[in-house]
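# Everything below, folded, please.
(chains A and B)
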Amino acid sequence: MSVIDYKEIEAKWQASWKENQVYKVDDTSDKPKYYVLDMFPYPSGAGLHVGHPLGYIASDIFARFKRMRGFNVLHPMGFDSFGLPAEEYALQTGVHPAKSTEQNMTRYLEQFSNLGFSYDWSRKLFTSDPNYYKWTQWIFTQLFDHYFDVKDQVAKPIEELLAIFKESGNASANAATSQEETFTAEQWKGYSKAEQSEILMNYRLAFRKVGYVNWCEELGTVLANDQVKDGLSERGGYPVEQKAMTQWYLRITAYAERLLNDLNDISWSDALKTIQGNWIGRSEGASIEFELDGREEKIEIFTTRPDTIFGATYMVLAPLHELVGQITTADQKAKVEEYVNYVKSKSEIERMAEKETTGCFTGAYAINPFTKEKVPVWIAEYVLKDYGTGAIMAVPSDDERDNNFAKKFELPIIEVVDKSAHPGAGMADKVGTMINSGFINGMKVKEAIKTVCDKVKEMGIGESHINYKMRDANFSRQRYWGEPFPIEFDGDGVPHALSLDELPVKLPVTNDFKPGTGGKSPLSRMEEWVNSKPGYTKETDVMPAVAGSSWYYLRYMDPNNDGTFAAKEKIDYWQDVDLYVGGSEHAVAHLMYARFWHKFLFDKGLVPTNEPFKKLINQGMIQGVIEFIYLLKEKEDGLSKFICTELLSKYGTEKDIARIPIYVDYVQDYGSDKSYLNIESIEKFIAWRKEYADAIFECGYGTYHKGKFTPKSDGACDLHLYTHSEVGKMSKSKFNVINPDDIIAQYGTDCFRMYEMFLGPIEQSKPWDTNGIEGVSKFLKKLISLYVNEEGQWIVTDEPSSDEAKKVFHKSLEKIQKDILAFSMNTGVSAFMICINELKKLKTHNRDILEPLAQTIAPFAPFLAEELWHRLGHEGSIHLTKYPEVNPQYLKEDNFTYPICVNGKKRALLSLPADASKEEIEKAALALDEITKWLEDKQIIKTIVVPQKMVNFVVK
RNA sequence: GCCGAAGUGGUGGAAUUGGUAGACACGCUGGAUUCAAAAUCCAGUUCUUUCACGAGAGUGUGGGUUCGAUUCCCACCUUCGGUACCA
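Have a look, this model is predicted:
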């Protein structure tokens, strides 16, 4: 037992900090502001797991450091409390999501408190709170009421667009749009209200269009991608197909250019910027129309290589392209339908990952506008409906996938680019000289691209076009536990945004969360709610979880404001997030949507900055071990059968076997190569999954069935059913969540905090283990022993410390500060360990070192530091004191130890004065016996002397 | 498939702009203390070879640039994250 009882001091200081509101922050101050934000968690039923605090601890250290460095630090926390798991739980148990979510939040709050974070809890928010989602809904109505002016690159009120339509139709409007037809002012005025509304949908930043969802007929519901495995529903294993449905979307594509360009202005990692850039996927090219042989319809394609059009020997449409049904010939109809059904049974990700080349001929032919040749029109899963125009001209000579496809289906390949002058250039490289290409023969690729673009424009069949891979964001969920849309439809089915005084549209209370009919949300069945306003019906879809998280960082600035989403003067003070820390798994979705919303609010003059998160750090994930047991897909004599991993080959291939994840706690030696289930484990498993009570469990030593173990031969060992272990995300659905609670109870919060930091670089992912925690625990005890002896006596003296001890401290202080600023917390902890080891050796008990030492470690070990501070005789919190300054006087080194190398290999060490000249260094090195023996009979060709680095002799 | 990241002792990891590979810990081995254990302290611990001194090899694999490469370049392998409805 340590001389300081961490449980006692944790309770004491938690209460004291709360009572004295140590971490409460004002919205005005003479100090410079600093905003440190953590990605808020979804309050899962499994509780906060050991992966969450990794980023939270690091940002807390940073926030505490900044505070002690004289900044006014905003460091808030809240909950992303809308989400699918709570609704799934409600479906299974009948517990209302609001209730389970609240319970989970209470649990999280306790865990947060135990972790000693310096959050200003008076700013707590959660996205499922009507006082919060009122403003989420309000921002949505603003998106609905705006369009994007492409020329000015700014959002404008829809009224301005209406004025343009009335004045001169839509041809002159520079708006981001999905509208294809043009109309005149007269035509516009002649349209009905419903028709006008339909057209405006093609302009609004929040709009409705048809999109595809994962539809499961058996379950009567729409499924998340996460809930679909191998084309079957995870729950029940029923078929899932792509179903068309009218849904809400956000026109994020309008902001693509700004989202891309403004990446240059923010301090994010290059990797993350690259990911976002690739996600936006800007590509320059041309859209070109191909006529169909003997038909009215035309196929519009997008290509980045218009120069290769003479090599376009076939066309490919996305299988879900609307033209497919129209152009397919009678004799190909059956085959095409079969193929489309096959594609519909697969998720997009599965289709993209498909290694095998698949496709189907439609029977139709298009006309290459330049060669006038008839080219066959195919459909294939490698062309995606939502990318570009959902159709391509295939040029097998210059595109890898087209090439594979052409080879497989024996389609012609015409070489059109001579790359002989560019050895090593790949198919996709835009270099070479055009051949077999009519009027562009002999041109360089770049020139040919421009020439073809000009030509198609002249011919009236196309134009230069910038395409983005990024798609508009599907914003509808056919679910209950999300923000209701602030939208009502009138008698003509025209949607209207509700005004602010009608918000929030509260989620109706119900205990029945089953989906509505035809894939509609559960809300559709609540007729009273849907029809509460005479003559109107409410939208019954709800918003996705990204809605609430797209602007929450602004609400923290003014969390309780009922008159606006956040008061202007408070936003003007806090501006934006200076440092944002969160998991790398959010690299695109959340960060892209939040940037989009922020830019929209900026356009409206509601926020003063163009980007929300100045600096961002992506922490790696703490992974868990996922344990699986193998279940035969076919029952044996009507009984389920689980088999040991070692028997896998006996029972056929992976195809015949399902992998069932199991609670890691049930598994013996989990995570190791030899993880296994014994009889006790199986009994726990059966108690949990009662449907397997009758199952047979077979391992190499025997079988277990209904409580009885039958060995295979006499004297066989116990049951050892080996399991399959994998490393993966910690998740409730994988039954592998490890909570920090037990570790904190055993070692204390300060130790847990420092251990998580000691694990390794913050950005790196790694599986959780507690192997090294003893070392950190010992370190803290050693630290305490500088202040208090084993008998519990206070041993700090007022005598001045030695220069040697001061040197140790100030060198450590310098390193630690540098590490905190670089977010290199693991090396910071190491620096503390080295510092304490040396101070211990020097028997340092002097107040002039131990006081600043306590302040130095305060951001890392807040409880212990506070306790020591008070025992040192101070009133008030250590966390509100000023961080110690480095005294450069103690950083100087008199000597440097040189490695002396021969041919790059270290042969000796030599300590010399730090200011020794090159000549002196060389001379001293050559005098060493260890070196002369390597130089005998050899000739020195070159001598490299780098002061304060090394010496190298090159010999022959 | 595509995009991004990582790969260093038995383990987690360290190593300024290319300059002593393995800091700091865990584990292990031996010793001290103890009736014994825990705890604590001391010493050792990349591998091969050697009684030892020493020598050789070594940062996922294969090449390259350099006096010198964990670090830079090329090709590949493995693992993890994302891939638009998990959050």
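# what's the pLDDT at the residue nearest the centre of chain A?
The central residue of chain A, meaning the one whose C-alpha is nearest the mean C-alpha position (C-alpha atoms, centre = their mean), is A:His586 at 1.6 Å. Per-residue confidence (pLDDT) for A:His586: 88.
# same check, this time on the one 5 residues further on
Here, the pLDDT recorded for A:Leu591 equals 95.
# Let me know how buried it is, in neighbour terms.
Other residues within reach of A:Leu591 by the criterion other C-beta atoms under 10 Å amount to 24. From N, CA and C alone the C-beta is placed, and that goes for glycine too.
# OK, contacts around it?
With contact taken as C-beta atoms under 8 Å, 6 or more residues apart in numbering, A:Leu591 is in contact with A:Leu272, A:Gln276, A:Phe613, A:Leu616.
# Please identify the buried residues of the strand or helix carrying it?
Secondary structure from DSSP states H and E places A:Leu591 in helix A:589-603. Of the residues in helix A:589-603, those scored as buried under the neighbour-count criterion (16 or more other C-beta atoms under 10 Å) are A:590-603.
# again, but for stretch A:321-333
For stretch A:321-333, the neighbour count (16+ other C-beta under 10 Å) marks A:His321, A:Leu323, A:Val324, A:Ile327, A:Thr328, A:Gln332 as buried.
# how close does the fifth one get to RNA strand B?
Relative to RNA strand B, A:Thr328 is positioned 26 Å away (criterion: C-beta to the nearest atom of the strand, to the nearest Å).
# so what's the backbone phi/psi at that residue?
A:Thr328 has phi and psi values of phi -60, psi 130 when expressed as degrees, to the nearest 10.
# need the residues of the stretch 751-900 of chain A near RNA strand B, please.
With C-beta under 7 Å from any atom of the strand as the criterion, the stretch 751-900 of chain A meets RNA strand B at residues A:758-761, A:763-766, A:769, A:771-772, A:774-776, A:778-779, A:781-782, A:824, A:826-827, A:830, A:833-834, A:837, A:897, A:899.
# returning to what we had before: ok, the residue nearest to the centre of chain A - contacts?
Going by C-beta under 8 Å, 6+ apart, the list of residues near A:His586 reads A:Met39, A:Asn618.
# Give the phi and psi angles for it, as a check.
As for A:His586, its main-chain torsions (degrees, to the nearest 10) stand at phi -100, psi 10.
# ok, of the contacts of A:Leu591, which one's closest to A:Ser122?
Distance to A:Ser122, by C-beta to C-beta, is smallest for A:Phe613 among the contacts of A:Leu591, at 22.9 Å.
# Counting neighbours, what do you get for the closest one?
Per other C-beta under 10 Å, the neighbour tally for A:Phe613 reads 23.
# bridging residues for it?
Residues found in beta-bridge contact with A:Phe613 (criterion: DSSP bridges) are A:Val577.
# now swap in A:Glu289 and tell me
Here A:Glu289 sits in beta bridges with A:Glu300, going by DSSP bridges.
# Now for it: which residues touch it?
Taking C-beta under 8 Å, 6+ apart as the contact definition, A:Glu289 lies against A:Lys298, A:Ile299, A:Glu300, A:Ile301, A:Pro369, A:Ile461, A:Gly462.
# any idea how far it lies from RNA strand B?
The span separating A:Glu289 from RNA strand B equals 24 Å under the rule C-beta to the nearest atom of the strand.
# which residues does the residue of chain A found nearest RNA strand B contact?
In chain A, the residue that lies nearest RNA strand B is A:Gly775 (2.2 Å; C-beta to the nearest atom of the strand). For A:Gly775, the contacting residues are A:Phe758, A:Met833, taking C-beta under 8 Å, 6+ apart as the criterion.
# Check which helices and strands the lowest-mean-pLDDT helix or strand in chain A sits against.
Ranked by mean pLDDT, DSSP states H and E, the helix or strand of chain A with the weakest confidence is helix A:348-353, at a mean of 76. Here helix A:348-353 touches no other helix or strand, going by 3 or more C-beta pairs under 8 Å, 6 or more residues apart in numbering; DSSP states H and E.
# can you tell if it touches RNA strand B?
Yes. For helix A:348-353 and RNA strand B, the contact criterion (C-beta under 7 Å from any atom of the strand) is met by A:Glu348, A:Ile349, A:Met352, A:Ala353.
# Quick check: next helix or strand after that helix?
Beyond helix A:348-353 in the direction of the C-terminus, DSSP H and E gives the next helix or strand as strand A:360-367.
# can you pull the contacts of A:Tyr89?
Residues in contact with A:Tyr89 (C-beta under 8 Å, 6+ apart) are A:Gly45, A:Val95, A:Pro97, A:Ser100.
# Are we agreed that it is in a strand?
No. Under DSSP: H, G, I helix; E, B strand; the rest coil, A:Tyr89 falls outside any strand and is assigned helix.
# how about low-confidence regions in the stretch 1-150 of chain A?
Along the stretch 1-150 of chain A, the model assigns pLDDT under 70 to residues A:1-2.
# can you pull out the helices in it?
Here the stretch 1-150 of chain A has its helices, by DSSP state H, counting those that start in this stretch, at A:6-19, A:52-68, A:84-93, A:97-114, A:130-144.
# which stretches of the stretch 751-900 of chain A form strands?
Under the criterion DSSP state E, counting those that start in this stretch, the stretch 751-900 of chain A contains strands at A:766-767, A:895-902.
# In terms of residue numbering, what are the domains of chain A?
Under the assignment automatic domain parsing, the domains of chain A span A:25-139+A:550-619, A:146-261+A:475-538, A:282-468, A:623-729, A:741-889, A:895-955.
# near RNA strand B at all, the first one?
Yes. Using C-beta under 7 Å from any atom of the strand, domain A:25-139+A:550-619 reaches RNA strand B at A:41-42, A:80, A:82-85, A:583-589.
# which of the residues you listed tops the neighbour count?
A:Phe82 (30 neighbours).
# That one contacts A:Ser128, correct?
Yes. Using C-beta atoms under 8 Å, A:Phe82 is in contact with A:Ser128, at 4.9 Å.
# got any residues that touch both of those two?
Common contact partners of A:Phe82 and A:Ser128 (C-beta under 8 Å, 6+ apart): A:Trp481, A:Gly548.
# Tell me which of the helices of the stretch 1-150 of chain A lies nearest to A:Asn846.
Ranking the helices of the stretch 1-150 of chain A by their distance to A:Asn846 (criterion: C-beta to C-beta) puts helix A:52-68 first, at 21.8 Å.
# Grab the nearest non-local neighbour of A:Asp819.
Take A:Asp819 and drop its neighbours on the chain: the residue closest to it by C-beta to C-beta, 6 or more residues apart in numbering is A:Gly828, 3.7 Å away.
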